[in-house]
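In: Need coordinates for the below:
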Amino acid sequence: MRNINKLFSSFFGVMFQRQTYLNLLYVIFTFPLGTAYFLFLTSGLLVGLSFSIIIIGLPVLLLVLVAWWELVNFERELATRLLGVDISPLSYEEKPPVNFWSNIKNRLADPAAWKGMMFLFIKFPFGIFTLIILAICFTLTLGLIFAPFITIYWSPGKSRILIDILPEAILTACLGIIIAVCTLHITNALAAISGNLAKIMLEKNNSDVHTETLDEQKSY
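Out: Next up is the predicted model:
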């Protein structure tokens with residue numbers, strides 16, 4: 001009996017956890033943010049590289065570089081505040097820049113910067129995946145929960161189900177609530193994947209720190 005109560009509370013308890021809705025907020029915005037990152041970076045890099053022969057392309061590439069770094073910092077803050085993931089600051093700040101061009105050089109030489117760009121690109125296909133999952137779950141949930149207020153005629157393949165009496169509608173609504181809770185669990189799983197990916201891609205590796213420390217010691 002205790003195991004049943006524990007299973008029941010763990011299943012439905014997700015509805016009363018604040019972190020669940022923070023995860024849901026993060027997952028919902030994955031697709032629009034991923035799309036915006038993909039369009040901005042691809043268009044900016046294509047325009048900048050295409051016109052790099054003339055002077056016009058260099059400011060565009062510089063703008064993309066600055067925006068790329070700020071977007072990585074934004075994603076780091078987003079994952080930290082919404083998902084509760086502890087991500088250390090990016091690494092180029094460990095090397096104080098002498099001037100503007102040395103600052104640019106430090107950023108381009110930093111592996112964490114390129115991992116951050118990969119994260120921004122990965123967020124686009126992952127956002128499409130989360131959009132499909134959430135669209136299916138929300139459609140099923142809303143359709144079933146509002147069954148007591150509407151008549152549902154469902155025909156999957158050759159079978160036909162007509163919900164036109166109150167007991168059937170209430171039973172269908174209960175099923176919708178269960179699917180809604182399952183959707184929250186799925187959202188937490190997607191958020192956990194996103195958090196782990198953000199920590200891997202947006203955090204400085206200890207090996208990189210050790211390598212830089214050794215290089216600094218050799219320079220002395």
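In: How confident was the prediction at the most centrally placed residue in the chain?
Out: By CA atoms, centre = their mean, the chain has its centre lying nearest to Thr30, at 4.5 Å. For Thr30, the pLDDT comes out at 96.
In: Is the residue lying closest to it once chain neighbours are set aside within a helix or a strand, and which one?
Out: Computed as CB to CB, 6 or more residues apart in numbering, the closest residue to Thr30 that is not its neighbour in sequence is Gly127, at 4.3 Å. Heads up, the C-betas are built off the backbone N, CA and C, glycines and all. Secondary structure assignment for Gly127, by DSSP states H and E: helix 111-145.
In: what pLDDT, on average, does that helix get?
Out: 91.
In: where does stretch 114-134 sit relative to the chain's centre, distance-wise?
Out: Computed by CA atoms, centre = their mean, to the nearest Å, the chain-centroid distance of stretch 114-134 equals 6 Å.
In: go on, stretch 131-146?
Out: Worked out by CA atoms, centre = their mean, stretch 131-146 lies 20 Å from the chain centre.
In: which other residues reach that stretch?
Out: For stretch 131-146, the surrounding residues in contact (CB atoms under 8 Å, 6 or more residues apart in numbering) are 27-28, 30-31, 152, 172-173, 175-177, 179-180, 182-183, 186-187, 190.
In: Can you say which of the residues you listed are buried?
Out: 27, 30-31, 172-173, 176, 179-180, 183, 186-187, 190 (16 or more other CB atoms under 10 Å).
In: Spit out the contact partners of Ile87.
Out: Ile87 neighbours (CB under 8 Å, 6+ apart): 76, 79-80, 198-199, 202-203.
In: got those residues as JSON lines, with distance to Leu166, neighbour count and pLDDT columns?
Out: Converted to JSON lines, the contacts of Ile87 look like this (distance: CB to CB, whole Å; neighbours: other CB atoms under 10 Å; pLDDT from 0 to 100):
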{"residue": "Arg76", "distance to Leu166": "51", "neighbour count": "22", "pLDDT": "92"}
{"residue": "Ala79", "distance to Leu166": "46", "neighbour count": "25", "pLDDT": "94"}
{"residue": "Thr80", "distance to Leu166": "48", "neighbour count": "16", "pLDDT": "94"}
{"residue": "Ala198", "distance to Leu166": "47", "neighbour count": "22", "pLDDT": "93"}
{"residue": "Lys199", "distance to Leu166": "49", "neighbour count": "17", "pLDDT": "92"}
{"residue": "Leu202", "distance to Leu166": "52", "neighbour count": "24", "pLDDT": "88"}
{"residue": "Glu203", "distance to Leu166": "54", "neighbour count": "21", "pLDDT": "83"}
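In: So which elements touch the longest helix anywhere in the chain?
Out: For the chain, the longest helix by residue count, based on DSSP state H, is helix 166-202. The elements that helix 166-202 packs onto, with contact taken as 3 or more CB pairs under 8 Å, 6 or more residues apart in numbering; DSSP states H and E, are helix 2-12, helix 18-28, helix 57-82, helix 111-145.
In: report the angle between the axes of the first one and helix 166-202?
Out: Relative orientation of helix 2-12 with respect to helix 166-202: 70 degrees, computed using axes from the mean of the first three to the mean of the last three CA atoms, to 10 degrees.
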